[in-house]
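Q: 3D model of this:
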Amino acid sequence: MNGKNNSQNIIFRNLSIHDIPQLAILAQRAFQHGPDSYWAVVGAKRVQKTIVAEYMGRLIGAIEIEILKFNNEKHGHVGYIFVDPDFRRKGIGSKLLKLAEKWFAERNVKCVWALTTPDNIAAQRFFLKHGYKIVTKEKVFKLLGRKNAKRLLRRMVYWEGDIIFQKEL
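A: Below is the predicted model of the structure:
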C-alpha cells in the first residue's frame, strides 16, 4: 500500500475455509515464523468467528473472536489479532477490532476480554488505545468467580505474567 489512501480497496469479511492456506502465510509473516504463527491458524479454526482484511486478493489482517457465557452473561473473547507487517499502522487492526466489538454488541455481550504477553508492548498499547483496561488475574476471579475465571483463563491460554485486558461494552 503506497502513501495514497487505498483503504477503500480493503475488504473486511468473514474467513472462509478456503482462506486457511493464505491465513497461514499471513500468520507466518505477522509472527515472524514463531509459535504464534501456528497457534493463530489453530485458533481461527476453533473460534466462533474470524474476520479478515483483504487487499487485492491477499489477506493482510485477521481477528479471531468468540462469545462465552458466564453467570448468564455473554462475554466476548478476542483471540489473535494480527496484521501483515507491510500493512501495520494504517488502521487495519483498529477496524478489525471495531468490527469485532460491533458484532459483540449486536449479540448483547457485556464485556470483551483479550490477552497478550508482557513483552508485546505494541499489543498492550493497541488495546489501551481502544479503551481496554488492564485487569489482574485476581480481579478476573473476583468478577467471574473461581469456576468461570478458570474457564476464561484456560480459553485465553493464559500463562502466569500475561497481561489481561477487559473492556465494558
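Q: from here on, contacts and neighbour counts on C-alpha atoms
A: Noted.
Q: Could you give the separation of the lengthiest helix in the chain from the chain centroid?
A: Ranked by residue count and defined by DSSP state H, the top helix of the chain is helix 92-106. Taking Cα atoms, centre = their mean, to the nearest Å, one finds helix 92-106 lying 9 Å from the centre of the chain it belongs to.
Q: For that helix, which helices and strands make contact with it?
A: strand 49-55, strand 58-70, strand 73-83 (3 or more Cα pairs under 8 Å, 6 or more residues apart in numbering; DSSP states H and E).
Q: Now do that helix against strand 58-70: the angle between them, please.
A: Angle of helix 92-106 versus strand 58-70, following axes from the mean of the first three to the mean of the last three Cα atoms, to 10 degrees, is 30 degrees.
Q: Can you point out the buried residues in helix 92-106?
A: Going by neighbour count (16 or more other Cα atoms under 10 Å), the buried part of helix 92-106 is 92-94, 96-97, 99-101, 103-104.
Q: any chance of those in CSV, with pLDDT and distance to residue 22 too?
A: Formatted as CSV, those follow (pLDDT from 0 to 100; distance: Cα to Cα, whole Å):
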residue, pLDDT, distance to residue 22
92, 97, 17
93, 97, 18
94, 97, 21
96, 98, 18
97, 98, 20
99, 98, 21
100, 98, 21
101, 98, 25
103, 98, 24
104, 98, 26
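Q: and the residues you listed as TSV, adding distance to residue 121?
A: Output for these, formatted as TSV (distance: Cα to Cα, whole Å):
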residue	distance to residue 121
92	18
93	15
94	16
96	19
97	17
99	23
100	22
101	22
103	26
104	25
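Q: Now the two most distant members of these.
A: Greatest spatial distance in these: 92 and 104, 18.4 Å, computed using Cα to Cα.
Q: one step back: possible to save the helices and strands packed on helix 92-106 as a markdown table with mean neighbour count and mean pLDDT?
A: Below are these laid out as a markdown table (neighbours: other Cα atoms under 10 Å; pLDDT from 0 to 100):
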| stretch | mean neighbour count | mean pLDDT |
| --- | --- | --- |
| strand 49-55 | 21 | 97 |
| strand 58-70 | 22 | 97 |
| strand 73-83 | 22 | 96 |
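Q: Dump those strands to CSV, plus distance to residue 19.
A: Output for the helices and strands packed on helix 92-106, formatted as CSV (distance: least, Cα to Cα, whole Å):
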stretch, distance to residue 19
strand 49-55, 9
strand 58-70, 8
strand 73-83, 15
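Q: so which of those strands comes closest to residue 111?
A: Proximity to residue 111 (Cα to Cα) singles out strand 73-83 among these, at 5.3 Å.
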